[in-house]
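Asks: pasting the sequence and the predicted model now:
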Amino acid sequence: MKKNMRVKESLTDGIFETIVHAIIILCVLICAYPLYLVVINSFSDPNLVAMGKVWLIPLGPTLDAYKMVFDNDSIMTGYWNTLCYTVVGLALNMLLTIPAAYALSKKDLMGGSIVMKLIVVSMYFTGGLIPFYTLMKDLNLINNWWVMPLNGAVTASNLIISRTFFASGVPRELEEAAEIDGCSVIQTFLKIVLPLSKAMLSVIMLYYAVARWNAFTPALYYMPRVKDLWPLQMVLRQILLEAQRNMIDNTEMADYYAKIANQMKYAVIVVASAPLLIIYPFIQKYFEKGVMLGSVKG
């Protein structure tokens, strides 16, 4: 009887695991296929793409869309600008967010609860675009390089995640031991807390880096005419607009330009997404470990 029960249990467990794995594989395919479709469409013949025949493998392979994208001299300028904005902005994000989160994690911080309530309120209520534009203008940041790094220097959600992690993820006993050994608050923060927070820091850095890399609206609002300062997203938008303009100006070849412009959209998505897709595997182990650390405790 016991052997039969064990056989039935193992058979039930095997069926359950098979179903779970099948569901996981299906979810992966559902999430990955759109990205795969974008990639193969960017390499396929625009006529076949327009007819909807490309869905599994590239048909009529061609690099015309990528040639049209990279023939634009502003692409490399946009890449360089975006890289600079991302690096400088990320450094500013971490410099402001992490120390502030650590300070707010302390229960004995005077006025800390009031500050946290104000931060939470800022997630739901803002002054709006016009007041913010007026502020940027008063600070002489319109058409200024620094408007991109300074815009979004601190994100309330990332600050709350970091603060929650520091409050519940770092043992208070370690900080007390460091204080007994003569460490100041800054030394404790730099030598004890930060080394224990690598997983959380990697997650916050990834969130900020993705937001910085994809930043589009600040450039559109605050530097619409300074092309030399445009980030990659603005440059790619301009390329698409020019392709659509060619389609309108050349009515005899409107159908051709419509197909090329449609294919260029896929190429633009690949060009803009490739750097982050390349970087992500190197920090995936930290991301998997840290993404939930500061979100469920405290």
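Replies: Looks like it came in fine. Numbers count the residues shown, from 1 in each chain.
Asks: C-alpha from now on. contacts and neighbour counts both.
Replies: Will do.
Asks: going by secondary structure, L26 is in what exactly?
Replies: helix 2-43 (DSSP states H and E).
Asks: ugh, wrong one, A215
Replies: For A215, there is no helix or strand it lies in under DSSP H and E.
Asks: ok, it touching V235?
Replies: No - here A215 does not reach V235: they are 11.9 Å apart, not a contact under C-alpha atoms under 8 Å.
Asks: look at these two and report which has more neighbours.
Replies: V235 (24 against 21; other C-alpha atoms under 10 Å).
Asks: wait, isn't the more buried one in contact with M76?
Replies: No - at 9.6 Å, V235 does not count as touching M76 under the criterion of C-alpha under 8 Å.
Asks: residue contacts, the residue positioned nearest the centre of the chain?
Replies: When C-alpha atoms, centre = their mean is applied to the chain, the residue found nearest the centroid is V210 (2.2 Å). Taking C-alpha atoms under 8 Å, 6 or more residues apart in numbering, we find V210 in contact with L276.
Asks: and it, how close does it get to D138?
Replies: 28 Å (C-alpha to C-alpha, to the nearest Å).
Asks: returning to what we had before: quick check: next helix or strand after the helix holding L26?
Replies: Using DSSP H and E, the next helix or strand after helix 2-43 towards the C-terminus is helix 46-50.
Asks: where does pLDDT dip in this structure?
Replies: Scanning the chain for pLDDT under 70 picks out the ranges 1-9, 243-244, 246-261, 285-298.
Asks: residue ranges of the helices in it, please?
Replies: Remark: helices assigned in the chain by DSSP state H are 2-43, 46-50, 64-70, 74-104, 112-124, 129-138, 147-150, 156-168, 172-180, 185-188, 198-213, 217-222, 232-249, 254-290.
Asks: which one, of those helices, ends up nearest to I57?
Replies: Smallest distance to I57 across the helices of the chain (C-alpha to C-alpha): 6.4 Å, for helix 2-43.
Asks: counting by contacts, list what the closest one packs against.
Replies: Counting contacts by 3 or more C-alpha pairs under 8 Å, 6 or more residues apart in numbering; DSSP states H and E, helix 2-43 packs against helix 64-70, helix 254-290.
Asks: quick one on the thing from earlier: among the helices of the chain, which is nearest L56?
Replies: helix 2-43 (7.5 Å).
Asks: contacting residues around the residue nearest to N214 when sequence neighbours are not counted?
Replies: Excluding the flanking residues, the one nearest N214 by C-alpha to C-alpha, 6 or more residues apart in numbering is Q233, at 6.6 Å. Q233 is in contact with G78, N214, A215, F216, A272, counting by C-alpha under 8 Å, 6+ apart.
Asks: surely the first one touches Q238?
Replies: No - contact between G78 and Q238 fails when scored by C-alpha under 8 Å: they sit 11.1 Å apart.
Asks: neighbour-wise, which of these two wins?
Replies: Taking other C-alpha under 10 Å, G78 and Q238 do not tie; G78 has more neighbours (21 against 14).
Asks: M68 versus that one, what's the distance?
Replies: 15 Å.
Asks: over to G169?
Replies: From G169 to M68 the distance is 50 Å (C-alpha to C-alpha).
Asks: which one of the two is surrounded by more residues?
Replies: G169 (18 against 15).
Asks: need phi/psi at the more buried one.
Replies: Backbone dihedrals for G169, given as degrees, to the nearest 10, come out at phi -100, psi -20.
Asks: from I98, how far out is F165?
Replies: Per C-alpha to C-alpha, F165 is found 11 Å from I98.
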